[in-house]
Each structure stands twice: as C-alpha cells, then as structure tokens.
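Visitor: Only the shape, not the letters, is given here:
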C-alpha cells in the first residue's frame, strides 16, 4: 500500500532519529576501542623498554595485556555490529527521503495543475458574468433573488430545463399531479422542482 506524504515524513523522522542514535553509539564504541588500544600500546612500550623488572609485576602486566586484547576484540565486534546497523538504517532512510522528494515533486505538479485550472475557471466565470449581465436585464428582482439563492445551494445551477417530464437539474421525473399543476400555471409564473427546488424552464419539449 502506498504511503501518504505525511506517513512518509513520519517514517523519515523516525529513521533519522535511529540513524542519529546509531551514529552516537558508533562514535562511543570507536572511542572505547581507541582508548583500550592506547592503553595496550603504553603497556607494551613499558615492557619493551624494560621498565618492568619485577617478575610478579611483569606477570601481572602480561595478564592485563591479554585482558586488554580480549576487550579490544569484543569492542571491535560491537563496532562492526553497530556499523552494519547504521549502514542498513541509513540505506532505508535514503530510500524514504527519495520517496518524500518524489511525493513533493508530485504535489508541486498537482498544485501547479490545480492553479492553472483554477485560473481557467476564473476566466470562464468572468466571461459568464459578463454574458449574464445583458441576459438578466429586465428580469424581476424577486425572481433573481430566488435564482441566486437556489444557485448557491445547488452547485451553481439555479434553474433547469423541464424536458420530457423530467427535471434536468436533479434528473428525476415529475409526477402527473405536479405536471398538471405546472401545465395549468400561466407562462409568467415561476414553477420549481419539488425535489431539488430549482426553477423549472418550460419549453416545447417539456412534455406538458
């Protein structure tokens, strides 16, 4: 299942925390390895220079150096394990970061497309508004108020043609009783669909 931009970003954040923690852990293990190695070098240097002459002290130092070597081996194993975890986490993080970048590019593309379409819609609206001016000249004010109110509630369509006994606004058939009322109404009477409340425009194709 494809993750959303928010889910990808949350995953990226969690992975970044994991990578940061592993980076700190690796730095600590590295420092411990170097510290133990430095101590072993110092002890070896003391032995090489003959600074330890007491047999008991020399035996103790040799045992300590063996212990230091075992500690170094253990720390180096830990170091390798942390490095492998860090490499894996970083690889996953890089992949998620790439997915976030792809998602951002897609969002930018869709936003630009939306803005273009919105601009086109604004142009059409402006054109329709300019065309509407002459078309509504002389219309009764109360009728225009009804039309504008219905239009606001019905997705911008305040009037619909009555065609073949069907309201083309809601696409529902008008029952016979209502059709009879509409048929009997004078031509200058405003009739409305009982279902969607749009103003019904009667024509020769209305089926009355």
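Guide: Now that the structure is in, tell me what you want to look at. Predicted model only: the values in this text are computed from it and were never measured. Residues are numbered from 1 along each chain as shown.
Visitor: Quick one: low-confidence residue ranges for the protein.
Guide: Low-confidence regions of the chain, defined by pLDDT under 70, span residues 1, 128-139.
Visitor: What ranges does it have for its helices?
Guide: If DSSP state H is used as the criterion, the helices of the chain fall at 5-48, 55-135, 141-153, 176-184.
Visitor: JSON lines for those helices, including distance to residue 167 and mean neighbour count?
Guide: The way it works is simple: take the backbone N, C-alpha and C, and place the C-beta from them, glycine included. As requested, these are exported to JSON lines (distance: least, Cβ to Cβ, whole Å; neighbours: other Cβ atoms under 10 Å):
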{"stretch": "helix 5-48", "distance to residue 167": "42", "mean neighbour count": "14"}
{"stretch": "helix 55-135", "distance to residue 167": "21", "mean neighbour count": "12"}
{"stretch": "helix 141-153", "distance to residue 167": "12", "mean neighbour count": "13"}
{"stretch": "helix 176-184", "distance to residue 167": "10", "mean neighbour count": "13"}
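Visitor: and the ones you listed as TSV, adding distance to residue 199?
Guide: Listed next are the helices of the chain as TSV, based on distance: least, Cβ to Cβ, whole Å:
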stretch	distance to residue 199
helix 5-48	44
helix 55-135	14
helix 141-153	6
helix 176-184	12
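Visitor: Which of those helices sits closest to residue 161?
Guide: The closest of these to residue 161 is helix 176-184. By Cβ to Cβ, the value is 12.8 Å.
Visitor: which residues sit against the closest one?
Guide: 162, 165, 174, 191, 194, 200, 202, 206, 207, 208 (Cβ atoms under 8 Å, 6 or more residues apart in numbering).
Visitor: Relative to residue 146, how far out is the last one?
Guide: In this structure, residue 208 and residue 146 are separated by 22 Å, where distance is defined by Cβ to Cβ, to the nearest Å.
Visitor: what's the answer for the third one, then?
Guide: Noted for residue 174: a distance of 19 Å to residue 146, by Cβ to Cβ.
Visitor: and this protein, what are its domains?
Guide: 5-132, 141-202 (automatic domain parsing).
Visitor: any idea how far residue 21 lies from residue 74?
Guide: Here the distance between residue 21 and residue 74 works out to 21 Å (Cβ to Cβ).
Visitor: try residue 201
Guide: In this structure, residue 201 and residue 74 are 89 Å apart, going by Cβ to Cβ.
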